[in-house]
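Undergrad: Here is my input, please return the structure:
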Amino acid sequence: MVLTYKDNVVLFYDYKTFQLTYVHQWRYVGFGLTSNYNHDTNNLEEFVKHQEVWMTTGGTHLLSLELPPSFRFGPPMVKKAIPITFNGLRLRYVNEMDYNHETGTIYGNIWTSDFIVEVDPKTGICLHLWDLTPLKLQQPDNVDVMNGIACDSRSKGCLITGKFWPNIYNVDLLITATSARDVPSAFYHDYCTEFKAPSEQ
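TA: Prediction:
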């Protein structure tokens, strides 16, 4: 399953052959997509019936998707939406995402920034924030934004890269988190909105 940014279509590829099998219209802007799919599961056919899939659209919510019995019937449906919050404020622009099987959480890059957040998919609360600006500063002048995360249980860290970056980096995020008091005020201004309880909306 592959999202498109603003084309309002979602693409489905055969897992074994990588051939495009289905194209469906839908109304969402595609930002981030991930699932708890586990390649090490003994019975994959049984696992996929219960797997969790999440996506973001550039807004402040993490969307849980309900998969159809077959993608020939149509695209997934949104079954739940929870606000993504950072220190009590709603967080926008969570983009490239990957599910970390070791922690049961989602790591997401903030669009056009060098920040990565760790999100609890059950609550939407951001547990950690990482500023990878030092990594971006090591790149050649002609590269673009950081936009690649892969959590591999066989690796101690997470694999990080960006658009046109010449290298992929193994970063141990667990020892480099930024505490809440050290978050620059510009982060709140650029990426957060005021949180409102459902009764206030």
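Undergrad: Contacts only, for Asn167.
TA: Thr161 (CB atoms under 8 Å, 6 or more residues apart in numbering). To be clear about C-beta, it is placed using only N, CA and C from the backbone, and glycine gets the same treatment.
Undergrad: Over to Cys126?
TA: Neighbouring residues of Cys126 by CB under 8 Å, 6+ apart: Ile84, Thr85, Phe86, Asn87, Leu91, Val117, Glu118, Val119, Asp120.
Undergrad: give me the beta-bridge partners of the second one?
TA: Using DSSP bridges, the bridge partners assigned to Thr85 are Arg90, Ile125.
Undergrad: shift numbering so it begins at 574
TA: All set: I'll call the first residue 574, so the last point we hit is now Thr658.
Undergrad: ok, it - contacts?
TA: Leu664, Gly697, Ile698, Cys699, Phe768.
Undergrad: Let's see that with 10 Å instead.
TA: Thr633, Leu664, Val692, Asp693, Thr696, Gly697, Ile698, Cys699, Cys765, Phe768 (CB atoms under 10 Å, 6 or more residues apart in numbering).
Undergrad: Repeat that for the first one.
TA: For Ile657, the contacting residues are 629, 632-635, 663-667, 679, 681, 690, 692-694, 696-699, 765, taking CB under 10 Å, 6+ apart as the criterion.
Undergrad: returning to what we had before: most surrounded residue in the contacts of Cys699?
TA: Leu664 (30 neighbours; other CB atoms under 10 Å).
Undergrad: Looks to me like Leu638 is in a helix.
TA: No. The assignment for Leu638, made by DSSP: H, G, I helix; E, B strand; the rest coil, is strand rather than a helix.
Undergrad: Wait, it touches Phe644, no?
TA: No. Assessed by CB atoms under 10 Å, Leu638 is found out of contact with Phe644, at 11.8 Å.
Undergrad: residues shared between the contacts of those two?
TA: Met574.
Undergrad: gap between the two ends of stretch 650-664?
TA: 23 Å (CA to CA, to the nearest Å).
Undergrad: Then stretch 700-710?
TA: 25 Å.
Undergrad: And stretch 662-679, by the same measure?
TA: 18 Å.
Undergrad: Tell me the buried residues in it?
TA: Neighbour-count burial for stretch 662-679, counted by 16 or more other CB atoms under 10 Å, picks out 662-673, 678-679.
Undergrad: for the residues you listed, which one is nearest Asp580?
TA: Asp580 lies nearest to Asn668 out of the buried residues of stretch 662-679, by CB to CB, at 16.6 Å.
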